[in-house]
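1. model the following, please.
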Amino acid sequence: MINTICTEHTDLSATDIEQIHTVAGNLPMIADLMGADIFIDCPTRNPDVAIVVAQARPSNSKSLYKGSVVAAYAYRANEPAALRTLDVGMPTKDMLATTQENQNVRQNVSAIKNAAGKVIGCLIAETDISADIKVKKSLSILSDTTEQLTEALLYSKPKDQGIPYHVTDGIVIFDRKGIVIFANPSARDIYKKIGYSNIIEGLNFANLALEEIEFMDILDSDCINSPEIKFANLVLNVTYLVIKRRSKDIASVAMLIRDNTDVKAKEKELVLKSVAIKEIHHRVKNNLQTIASLLRLQSRRIDNDSVEKAFKESINRVLSIAATHEILAEKGLDDVDLKVMLKRIIKNVAGHNYESGGGIKTIIQGDSIQTNSDIASSIALVVNELIQNCYKHAFIDRKNGSIHINIRKESNYCSISIIDDGVGFDVDSKLSASSLGNQIIKQLVSDKLRGKLQVESGENGTSVLFDFLCNAQTCCQND
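-> Prediction:
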């Protein structure tokens, strides 16, 4: 089957195809080893398409496939990890993919190279996207397949380029006396980073141990999972597995090394970025509050009521944006919970504006929605203007009233409605007026939020609803 598929769909030579055959012979073992569906894909004449030439299901766990997909195509759009590895020859870890049976899976891919270093195929391990595959789980499966592991690691020759040569984790095998009898390329690379310039095969465990542990202690245990090890500039996870034959005699000890240096560096980078974002938002909030304080001082020197009123409106606009950055400064992230933000804006408006504010109840309800700071700032300004309008116009000659704010998340759009039980107004005449507040609302809703504004008003009150685009780039709903 492999010969036929490769001959018809690839440009591989007879020697390359024979090497693919050799690797394919180990697929059942590696499927049980990892508890995953294992495949070999080879490049076709189309650079965006590969073809499955071999497949193996795990015998000790459930397969994700109902049938065989050998001879099926793998497209770049569905399996970017496989095509990427075929292109560049580098392993790809934990990439999402869509199978030929339209199932979402997670792929780990390693390149298969010929003697000249040319990529002739890739080895793919697929697991359920919901599975959290960690070292401990993999090792528990390894202990159930020790006989196969022994055969694969102890008796395969380097020229065979078997499965251990395609595993991205380091594998070192010691005999019962603690002497290294096998080390795969990943393990050699790790020890080279540490400073071992010579071949490590033949060295004693005592000279290679990455932590304070005795070889005899390992022999007395079936499996030892070590905590995170910081060695030189590396961050490593090391696990020791005792390999036994069917006779229960100890055949060897496997040391599995996972290099988490890059992962930890990225985690540290994310933490530093979070701190930087938090500090930036904190400074922006302080600057905005300083501006509001300066405007407030200036307004106290003004005797003209209309000018003083304009100052107060400007102060509230500045403080509404400051409320957004205040929340961002607390979280250290670039996402804002709209419900939390609107509560602060309402508190600010009620506390700074109007004498009638004491008898006005404001109720916020609906979905909790996270959105980025850019969108949140625009929403803050729009809601600020609408709430100010309620306080200024909805409850004339009234001491009591209510304002209901509803937040809703739909499939593509989110919406916010502000409903009051005030006196109402003539929609046509009011909205046609070119006040600064109306201009801010209309422009932000249409241009910034890419939404629509709907206003209805009558003797029982006013309802204003605006929506805004809601997708993976702008916002998401909290569950």
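2. keeping just the C-alphas, turn stretch 55-72 into CSV.
-> This file holds the C-alpha atoms of stretch 55-72, laid out as CSV (Å, rounded to 0.1, in the frame of the first residue of the first chain):
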residue,chain,number,x,y,z
GLN,A,55,-2.0,4.8,10.2
ALA,A,56,-2.1,3.1,13.6
ARG,A,57,-4.7,3.2,16.3
PRO,A,58,-3.9,2.8,20.0
SER,A,59,-4.9,-0.6,21.4
ASN,A,60,-5.0,0.6,25.0
SER,A,61,-7.3,3.6,24.5
LYS,A,62,-10.1,4.8,22.2
SER,A,63,-9.2,5.8,18.7
LEU,A,64,-10.6,9.1,17.3
TYR,A,65,-11.2,7.5,14.0
LYS,A,66,-14.1,5.3,12.8
GLY,A,67,-12.2,4.0,9.8
SER,A,68,-9.0,4.1,7.8
VAL,A,69,-7.8,7.4,6.3
VAL,A,70,-4.8,5.8,4.5
ALA,A,71,-4.6,7.3,0.9
ALA,A,72,-6.7,10.3,2.1
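3. where's it relative to the chain centroid, distance-wise?
-> Chain-centre distance of stretch 55-72: 28 Å, with Cα atoms, centre = their mean, to the nearest Å.
4. can you show me the strands along the stretch 251-400 of the chain?
-> Secondary structure of the stretch 251-400 of the chain by DSSP state E, counting those that start in this stretch: the strands cover 335-337, 360-366, 369-372.
5. output these as TSV; include the columns mean pLDDT, mean neighbour count and distance to I112.
-> All C-beta spots, glycine's among them, are computed from the backbone N, C-alpha and C. Formatted as TSV, the entries for the strands of the stretch 251-400 of the chain read as follows, by pLDDT from 0 to 100; neighbours: other Cβ atoms under 10 Å; distance: least, Cβ to Cβ, whole Å:
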stretch	mean pLDDT	mean neighbour count	distance to I112
strand 335-337	81	20	42
strand 360-366	89	16	54
strand 369-372	85	20	43
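6. A254: which of these is closest?
-> strand 335-337 (43.9 Å; Cβ to Cβ).
7. from the contact counts, what lies against the closest one?
-> helix 305-331, strand 369-372, helix 373-389 (3 or more Cβ pairs under 8 Å, 6 or more residues apart in numbering; DSSP states H and E).
8. each with direction, which strands does that strand pair with?
-> Each strand paired with strand 335-337, and its direction, by DSSP bridges: strand 369-372 (antiparallel).
9. quick one: distance of the strand it pairs with to the chain centre.
-> Using Cα atoms, centre = their mean, the offset of strand 369-372 from its chain centre is 16 Å.
10. and what of stretch 121-130?
-> 19 Å.
11. begin at 46, not 1, for the rest of this chat.
-> From this message on, residue numbering opens at 46, which makes the last subject stretch 166-175.
12. in that stretch, what counts as buried?
-> For stretch 166-175, the neighbour count (16 or more other Cβ atoms under 10 Å) marks 166-173 as buried.
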